[in-house]
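A.B. asks: coords below, sequence missing:
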């Protein structure tokens, strides 16, 4: 045993900045692998033994560990982009592994499986620093996603095999999905075509109105009206309740956090949410389905809100998602009152984002005209006070800009990160691949975007819908491969879409700037490749564009490869076209 601890300490010394002086084995606290017993209490006791600032290894012997919500840590959390007051009045979360105020900690899984039950946050890092989670997999015994594969289909009868992990009953001739502590009440459906690797919005409505009967085991016959739904044998209908009452994992106001060699096969609610955290490194995180299932994540796989420092995402794989694999943004809050020459009141505007303090003393803020998205002034905060779940009072160290008025917005400039995404695979999602709005340096390189349902990369910025800030100032997109993306966005199936939501044009002002797209391969089934608006400094050079024969019926000869609106200083050269002629740029 002592030799094992010695090896762990040596390993931690070579893989991190500091040597481990202490090893905490969860088995000592009663967490035994392979017993199928609830490990939540025992593991939490082991976590609580991590105290002080000495380097520590939290050690899991290889095996399966089960976590139930019954005795898990409970804590109220308001989490960005999750749920409104009406959708989810209670913000009380169940957390499988809860780390608060932990420092210099390595969580060593040794290839273990962490299996969760019911609805839970799998792990949370709250006000932690220098923490690393590695060498383990995460899954749910009964995912809150239900899946059924069509065996035969016609306009009046569908026979389907329900996946063994999708528990169900037939109640009053209706199929009813259920799990540990929940019964599905609302239905959000996405159709997966496994052979194509494509996903489409669909509906559970015709099944809800049909008569269901179990034929054998997990095979069910539905009798109803299925005309016009265009279902086919071999396709998989995936169904979930749309309410984001939990998230997959939560990293809150933490610093220097690393995830390495972590496989996540299902997450309930929004995925890994990093909120107001700094310096994050996610390496070889695989968010992919298991056990023959199609879906690994209820919504976004990785969501970064108000983060800072450096975000590095490398060698990650995203597959089987009901929403975007990767989203990096800040939050615009609207000015609702000017209280004094140096103080204002601002408000969270989107239904699903509120309840947390989005500003801190000494932060630099930008003042933004909502309609044009023009940043017209800057200031530094001396104080920020959350006065209720929707409103924050801000005190500045100097007078607010003279042009500020109610309805304008505030962006936290300090809480914006640099971003590097490299060596990753984005596939099997019905929405976008990567969303990014940060004014710090962005590099997206050596990635594969394969048949994302919408744009592979979206650069937005808005202050009227999702209120996700802000402008980009330095973006390089290079050496990536884009394969037949955008089939759900036709006719605007652009692999890259630079689309700020500015509704008022200011002469000489452009929302985004300095975007370079170079040495990529675009394999497009339709002509659209790149769309951009309100951008100053756009370079598209050294790229190879190949026309493929995927979805030939969707191609329209009137489509243009490039669509630009209100852009300046644009350069497109040294690009190679295969199976298509060089397309002139369409401007508006």
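C.D. replies: Nice, thanks for sending it over. Given the structure is predicted, the values throughout are model-derived calculations rather than measurements.
A.B. asks: alpha carbons only for contacts and neighbour counts from here, please
C.D. replies: Will do.
A.B. asks: so how many other residues sit close to residue 151?
C.D. replies: Other residues near residue 151 number 17, with proximity taken as other Cα atoms under 10 Å.
A.B. asks: Show me the shaky parts of the chain.
C.D. replies: For the chain, the stretches with pLDDT under 70 are 1-20, 553-555, 557, 581-585, 587-588.
A.B. asks: hmm, 90 instead?
C.D. replies: Where the chain drops to pLDDT under 90, the residues are 1-21, 52-53, 216, 228, 230, 526-527, 549, 551-561, 579-588.
A.B. asks: how does it divide into domains?
C.D. replies: Per automatic domain parsing, the domain ranges recorded for the chain read 19-140+245-323, 146-240, 331-412, 419-587.
A.B. asks: What is the end-to-end distance of the shortest one?
C.D. replies: Counting by Cα to Cα, to the nearest Å, you get 8 Å between the two ends of domain 331-412.
A.B. asks: Likewise for stretch 302-319?
C.D. replies: Where stretch 302-319 begins and where it ends lie 12 Å apart, using Cα to Cα.
A.B. asks: Numbering from 420 from now on, please.
C.D. replies: Understood, numbering begins at 420; the last thing we discussed is stretch 721-738.
A.B. asks: starting at the chain centroid, how far to that stretch?
C.D. replies: Chain-centre distance of stretch 721-738: 9 Å, with Cα atoms, centre = their mean, to the nearest Å.
A.B. asks: try stretch 829-845
C.D. replies: Put simply, stretch 829-845 sits 12 Å off its chain's centre (Cα atoms, centre = their mean).
A.B. asks: which residues does residue 716 contact?
C.D. replies: Under the criterion of Cα atoms under 8 Å, 6 or more residues apart in numbering, the neighbours of residue 716 are 684-690, 706, 739-741.
A.B. asks: Distance of it relative to residue 708?
C.D. replies: For residue 716, the distance to residue 708 equals 8 Å [Cα to Cα].
A.B. asks: Give the residues shared as contacts by those two.
C.D. replies: Listed as contacting both residue 716 and residue 708 by Cα under 8 Å, 6+ apart are 684-685, 739.
A.B. asks: Neighbour-wise, which one of those leads?
C.D. replies: Most neighbours among the shared contacts of residue 716 and residue 708, by other Cα under 10 Å: residue 685, with 31 neighbours.
A.B. asks: any idea how far the residue nearest to it when sequence neighbours are not counted is from residue 760?
C.D. replies: Distances taken as Cα to Cα, 6 or more residues apart in numbering place residue 715 nearest to residue 685, at 4.2 Å, with adjacent residues excluded. Computed with Cα to Cα, the distance linking residue 715 and residue 760 is 50 Å.
A.B. asks: So for these two, which residue has more residues nearby?
C.D. replies: Counted by other Cα under 10 Å, residue 715 and residue 760 do not tie: residue 715 has more neighbours, with 26 against 13.
A.B. asks: now the helices: where do they sit in this protein?
C.D. replies: 421-434, 459-467, 624-627 (DSSP state H).
A.B. asks: And the contacts of the last one?
C.D. replies: I take that to be helix 624-627. With Cα under 8 Å, 6+ apart, helix 624-627 has contacts from 593-594, 641, 643-645.
A.B. asks: quick one: contacts for residue 506?
C.D. replies: Residue 506 is in contact with residue 662, counting by Cα under 8 Å, 6+ apart.
A.B. asks: redo that, cut-off 10 Å
C.D. replies: Neighbouring residues of residue 506 by Cα atoms under 10 Å, 6 or more residues apart in numbering: 661-664, 770-771.
A.B. asks: out of those residues, which is most surrounded?
C.D. replies: Most neighbours among those, by other Cα under 10 Å: residue 664, with 23 neighbours.
A.B. asks: right, and that one touches residue 505 too?
C.D. replies: No: assessed by Cα atoms under 10 Å, residue 664 is found out of contact with residue 505, at 11.3 Å.
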